[in-house]
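A.B. asks: Structure for the following, please:
(chains A and B)
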Amino acid sequence: MKKGHGPRSSSSPSPCAACKFLKRRCTPDCIFAPYFHSNDTQKFANVHKIFGASNVAKLLSEVPPQLREDTANSLAYEAEARVRDPVHGCVGDISLLQWKMLHLQHDLDNARVRLARYTNPHPFPSSSSSSASVPVFYDYNDIDVMAQLGSAQLASESIEDIR
Amino acid sequence: MASSSSYNSPCAACKFLRRKCMPSCIFAPYFPPEEPQKFANVHKIFGASNVTKLLNEILPHQREDAVNSLAYEAEARMKDPVYGCVGAISFLQRQVHRLQNELDAANADLIRYACNDMQTALPPMPPPCPRPSELGRRGNGGGSLHQSSVLPASYPPPWGNNPPVGFSTLLYWFPGRDY
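C.D. replies: Numbering: from 1, shown residues only, chains lettered A, B, ... in the order given. Sure thing, here's the model as predicted:
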């Protein structure tokens, strides 16, 4: 009796990048498969090198499924930064951005002082709109504040936007 | 960076891992026993063996910065399991972009006002308008821009004009944190 040629197996046609890397069978419930596609092997290689597969699996399983893609992408971003700069990782990016931001704020304050001489020649403080547009200075040294502010933004956007 | 791997108490890593803290313990200089949470976070996110591998791949004088940045990332990831410190990066990038736009707009306004001033103060053929780069300089030799009023000179930022190099600068911005 000829064997039927039904569907070959219940697993995906090709293993995900993680299972390829780990040289194991990619099952339908593989936690990595939706986020580490077979055509992007470097992404999982970085994440594996820095975090380890079991840590990543644990981290993914601890967040709701609808947030796992962002989690995987943020881990990949951090891992890539750490591979590129083993000493500072993406913390070096934070430091540089803080420096840039303070520098820009300083330049902006200078420019506004000069502008005030044109728009408000009297020495007394005015209630012009320029003061209302001064940005609120968050405490960028506080991980909690920055994490909350950043998460609120990223929740509605993709991690890819920040690349 | 006192070593705690001699006859003193074991370092935070060896305490956590429940092993003898040897004199050659790679964690001991950076994970003092008084800060158990630091290693606990790093262990949870990165794993002890990955951290060991990372530290072995860099020069000894860079290891303190590496450990501190790993601890920072781990803490951020513990507080925000989805985005970690990438959330902060995203926020800062947007702030930089916003500030750059505001600065460009302010400089454009300055040029406009400066040109108007010159056109009213001078004879019919005004000189070229100053470039935005000239507006921020202190004590610029030309002076024609400032003849009718004394504008406050721009002052250099206290942190200098060079971008930060290395994690020690990040520690400057995080004075309260002693890793």
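A.B. asks: for chain B, which spans come out with low pLDDT?
C.D. replies: Applying pLDDT under 70 to chain B flags the ranges B:1-8, B:122-179.
A.B. asks: Which residue would be the closest one in it to chain A?
C.D. replies: Here chain B gets closest to chain A at one residue, B:Gly87, 2.6 Å apart by C-beta to the nearest C-beta. From N, CA and C alone the C-beta is placed, and that goes for glycine too.
A.B. asks: Now for that residue, how many residues are close by?
C.D. replies: Using other C-beta atoms under 10 Å in any protein chain shown, the number of residues around B:Gly87 comes to 28.
A.B. asks: what helix or strand does it sit in?
C.D. replies: For B:Gly87, the element it lies in under DSSP states H and E is helix B:86-121.
A.B. asks: what about the helix or strand containing A:Trp99, near chain B?
C.D. replies: Counting by DSSP H and E, the element that carries A:Trp99 is helix A:91-119. Yes - counting by C-beta under 8 Å from any C-beta of the partner chain, chain B is contacted by helix A:91-119 at A:91-108, A:110-115, A:117-118.
A.B. asks: And that helix, what does it pack against?
C.D. replies: helix A:129-132, helix B:63-79, helix B:86-121, helix B:167-173 (3 or more C-beta pairs under 8 Å, 6 or more residues apart in numbering or on different chains; DSSP states H and E).
A.B. asks: at 10 Å instead, please
C.D. replies: Of the remaining helices and strands, those touching helix A:91-119 by 3 or more C-beta pairs under 10 Å, 6 or more residues apart in numbering or on different chains; DSSP states H and E are helix A:68-84, helix A:129-132, helix B:63-79, helix B:86-121, helix B:132-135, helix B:167-173.
A.B. asks: would a markdown table of those helices with distance to A:Ala18 be doable?
C.D. replies: Shown next, in a markdown table, are the helices and strands packed on helix A:91-119 (distance: least, C-beta to C-beta, whole Å):
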| stretch | distance to A:Ala18 |
| --- | --- |
| helix A:68-84 | 10 |
| helix A:129-132 | 51 |
| helix B:63-79 | 19 |
| helix B:86-121 | 20 |
| helix B:132-135 | 50 |
| helix B:167-173 | 31 |
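A.B. asks: And those: which comes nearest B:Arg19?
C.D. replies: With C-beta to C-beta as the criterion, B:Arg19 lies closest to helix B:63-79 of those, at 18.5 Å.
A.B. asks: Now do that closest one against helix A:91-119: the angle between them, please.
C.D. replies: Orientation of helix B:63-79 against helix A:91-119 (axes from the mean of the first three to the mean of the last three C-alpha atoms, to 10 degrees) gives an angle of 80 degrees.
A.B. asks: Output helix B:63-79 in PDB with nothing but the alpha carbons.
C.D. replies: The C-alpha trace of helix B:63-79 is given here as PDB (Å, rounded to 0.1, in the frame of the first residue of the first chain):
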ATOM      1  CA  ARG B  63      35.500  45.700  33.100                       C
ATOM      2  CA  GLU B  64      34.100  48.100  35.700                       C
ATOM      3  CA  ASP B  65      32.400  50.100  33.100                       C
ATOM      4  CA  ALA B  66      31.100  47.000  31.400                       C
ATOM      5  CA  VAL B  67      29.700  45.600  34.600                       C
ATOM      6  CA  ASN B  68      28.000  48.900  35.400                       C
ATOM      7  CA  SER B  69      26.400  49.200  32.000                       C
ATOM      8  CA  LEU B  70      25.200  45.600  32.300                       C
ATOM      9  CA  ALA B  71      23.800  46.300  35.700                       C
ATOM     10  CA  TYR B  72      22.000  49.400  34.300                       C
ATOM     11  CA  GLU B  73      20.500  47.400  31.400                       C
ATOM     12  CA  ALA B  74      19.500  44.600  33.700                       C
ATOM     13  CA  GLU B  75      17.800  47.000  36.200                       C
ATOM     14  CA  ALA B  76      16.000  48.700  33.300                       C
ATOM     15  CA  ARG B  77      14.800  45.400  32.000                       C
ATOM     16  CA  MET B  78      13.600  44.300  35.400                       C
ATOM     17  CA  LYS B  79      11.500  47.500  35.700                       C
END
